[in-house]
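J.: Sequence and predicted structure, then a few things I'm wondering about:
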Amino acid sequence: MNTFQRIFNLVAYEWRRSLAKKKIYVLIALALALQIGIFALFNFFFTSPTQGPNITGPFLEGVKGTMWLLGVLGPQGLFIPLIAIIVAGGSMSEEYEHGTADILLSKPITRVEYLAGKYLGGLSLIGFVIVLITILGTVLARGFFGPQESLQIIPAVYMALVYANLLFFSLAFMLSEALRRTTLAYLVSIGIFIASMIVGGYLSILYAMTREQFYLDISRWLPNWSASNFPSFVVSELMTVQNSPFISVVSGDVRLAAAIIAVYSVVSVLVATVRLVKSDITKRGD
Amino acid sequence: MSRCVIEASDLTKLYGNFKALDAVSFSVEKGWIYGYLGPNGAGKTTTIRTMLGLLRPNEGEMQIDEINPVKDPVGALQVVGYAPELPNLQAFFSGEQLLDFAGKMFGLSDQARTERVKQLLDLVDLNEAGKRKVGNYSKGMVQRLSVALALISDPEVLIMDEPTIGMDPEATAHFRDLFVSLSKQGKTVFISSHLLDEVQRTCTHVGMINRGKIVFSGPIEQVLGAFTQRWVVEVELEKASSEIITVLRGLDYVQNVEIEGNKLLIGLKEKKDLRGEISSEIFRYQGVLLSLNLRRITLEDAYLLALKGGRPP
């Protein structure tokens, strides 16, 4: 048996392990419910304009051909990163807490193969969740708002979403291995996610007030900025329809966001690898 | 010609300042059933986890089939089956699925896995529970499944950490017979256990560890023989007063005195029948003697003597 087969076995194992958790289903259901809810809301305003000046009607008329983007990119703001954190944050630590790391690592497998299998298993599961969200978002948009435009960029948008989620997935994965405590890994990961959102918001306000580039630069290096915005930036570069209100276009953002995601992800995976390879396999409570 | 399949050389393992293993050395040859004994916290599980490459020794080296499991886990662990103490197996698998997954980890083909899983479920009497989730198994069932997991690849070396904890007497006897039959097939079995009677009945060799140090390693006859050189006198008193115990402990020919209620196990330094001398001492201190016998040494006696008195002669 070669390295790839051993890693593949661990990938399949990780899917089973993650899908045995109820909270994963709850988050997936919430993400899908969010899509349906947003579309239903937009559809209501579109078909039932309020009394007085009809603002929403003309607005939606202009964007209804790209509504699928709203469905596909919407959950990236909260639910997909949370699913990524839940999957990755328990990936390594739960094996220590449950005592099952001993069972797995007493089989003929190297620690690097073990880590690769767990990482790729979790990441491919996130990829699958994004497939579901992408398909549902596109189908719902077609159902609610008629034919959709620029659908040829779906594969690129999908890839951008997976890439964007590497950041929080890798960060939570690293914390899971480094701390070897699931609750702590979740708390720190979610804490970083929320804190970077809040701090990023304040820094943007400071930038708007002072026009000091420093504040903007700092806010961009916070993990949330690149993870949340990268897919939108990719879409803005690819789309022929430029009037979508869901996309903010800033030149050079794509490359910067991609680089930041790469830096966070690579550093996280390296830290996790060094921690696993260089230290003892701890037991429950150690 | 005998071949060494497990070899520990001067293993030292530190947890902070605590020395869990202190220059531990022993070797286990092919076909042996090696019982690894020691009190709680002596270093038994640490030794096993070092053997599997889960822990890295601070000094020394462990080799399985001449391969260091830390440097080459794939090579070393390919021949090993391991059943941990009080295992927490993956609750989301059924017994059948878990065995199948373990078979995949060893690279067994689909057909080989199917046959082996069925055979092992049968062996550990879990056929009917094979499709049930492991999370719904009783402690004894988990323990039996853990032994089956260790056997999935038909390993050359079987490492078992307290394998019969939680099992009923019938299952315990069944697994004892299984280990003996595996040894007869040329497999090597390493068992860490507290059940001295079970070890005495099953094992060909024993290793004793106390406070991280090996106090004995060798054939079971040798350990029993070594301590038979120091006979044990079993004394039952109406009341084992501290004065009598102190006096007995102070006698030149007494190695040690173990207390079991009003019974005293007096280990002698030489192979001499000193019952007369002992009874005189007891009478001298107004002790009421109910019985006094020379006792045949058991592994338990040898174990207790070894832990108290260090390495036997």
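T.: Nice, I can see it. Numbering: from 1, shown residues only, chains lettered A, B, ... in the order given.
J.: give me the number of residues near B:E156?
T.: 18 (other Cβ atoms under 10 Å in any protein chain shown). The way it works is simple: take the backbone N, C-alpha and C, and place the C-beta from them, glycine included.
J.: need the contact list for A:S91.
T.: Counting by Cβ atoms under 8 Å, 6 or more residues apart in numbering or on different chains, A:S91 touches A:14, A:17-18, A:118-119, A:121-122, A:173, A:176.
J.: make it 6 Å
T.: A:S91 sits next to A:118, A:122, A:173, A:176 when contact means Cβ atoms under 6 Å, 6 or more residues apart in numbering or on different chains.
J.: For stretch A:215-225, which residues meet the burial criterion?
T.: Of the residues in stretch A:215-225, A:215, A:218-220, A:222-225 count as buried by neighbour count, 16 or more other Cβ atoms under 10 Å in any protein chain shown.
J.: If you could redo that for stretch A:170-190, that was the one I meant.
T.: Buried, per 16+ other Cβ under 10 Å, within stretch A:170-190: A:170-182, A:185-186, A:188-190.
J.: ok, and which of the buried residues of stretch A:215-225 reach chain B?
T.: By Cβ under 6 Å from any Cβ of the partner chain, no member of the buried residues of stretch A:215-225 lies near chain B.
J.: Next step: these restricted to strands.
T.: Assigned to strands by DSSP state E, none of those qualify.
J.: So which of these is the closest to A:S268?
T.: The closest of the buried residues of stretch A:215-225 to A:S268 turns out to be A:P223 (Cβ to Cβ; 10.0 Å).
J.: what comes up buried for whichever helix or strand A:W15 is part of?
T.: Using DSSP states H and E, A:W15 maps to helix A:3-19. Within helix A:3-19, the residues that count as buried by 16+ other Cβ under 10 Å are A:6-11, A:13-15, A:17-18.
J.: Which residue would be the closest one in the stretch 201-313 of chain B to chain A?
T.: Using Cβ to the nearest Cβ, the single residue of the stretch 201-313 of chain B nearest to chain A is B:G212, 16.0 Å away.
J.: ok, now how distant is that residue from B:A23?
T.: Taking Cβ to Cβ, to the nearest Å as the measure, B:G212 and B:A23 are separated by 9 Å.
J.: More neighbours: which of those two?
T.: Neighbour count, other Cβ under 10 Å: between B:G212 and B:A23, B:G212 has more, with 22 against 15.
J.: Residue nearest the middle of chain A, spatially speaking?
T.: By Cα atoms, centre = their mean, chain A has its centre lying nearest to A:N165, at 3.2 Å.
J.: which residue packs closest to that residue, ignoring adjacent ones?
T.: Leaving aside its sequence neighbours, A:N165 sits nearest to A:A84 (Cβ to Cβ, 6 or more residues apart in numbering or on different chains; 4.8 Å).
J.: distance between the helix or strand containing that neighbour and the chain's centre?
T.: Assigning secondary structure by DSSP H and E places A:A84 in helix A:79-91. Counting by Cα atoms, centre = their mean, to the nearest Å, helix A:79-91 is centred 8 Å from the centre of its parent chain.
J.: that older thread, which residues does the residue nearest to A:N165 contact?
T.: Counting by Cβ under 6 Å, 6+ apart, A:A84 makes contact with A:126, A:165, A:168-169.
J.: what's the pLDDT at it?
T.: Turning to A:A84, the model gives it a pLDDT of 94.
J.: cool, A:G252 as well?
T.: 59.
J.: The one 3 residues further on too?
T.: For A:R255, the model assigns a pLDDT of 91.
J.: element containing the residue nearest to the centre of chain A, please.
T.: helix A:154-179.
J.: what about B:N136, neighbour count?
T.: 11.
J.: For residue 9, which residues are in contact?
T.: If you meant another chain, say so; for now it's chain A. With contacts taken as Cβ under 6 Å, 6+ apart, A:N9 has the following neighbours: B:104-105.
J.: Actually, chain B is the one I wanted.
T.: By Cβ under 6 Å, 6+ apart, the residues touching B:S9 are B:25, B:60-61.
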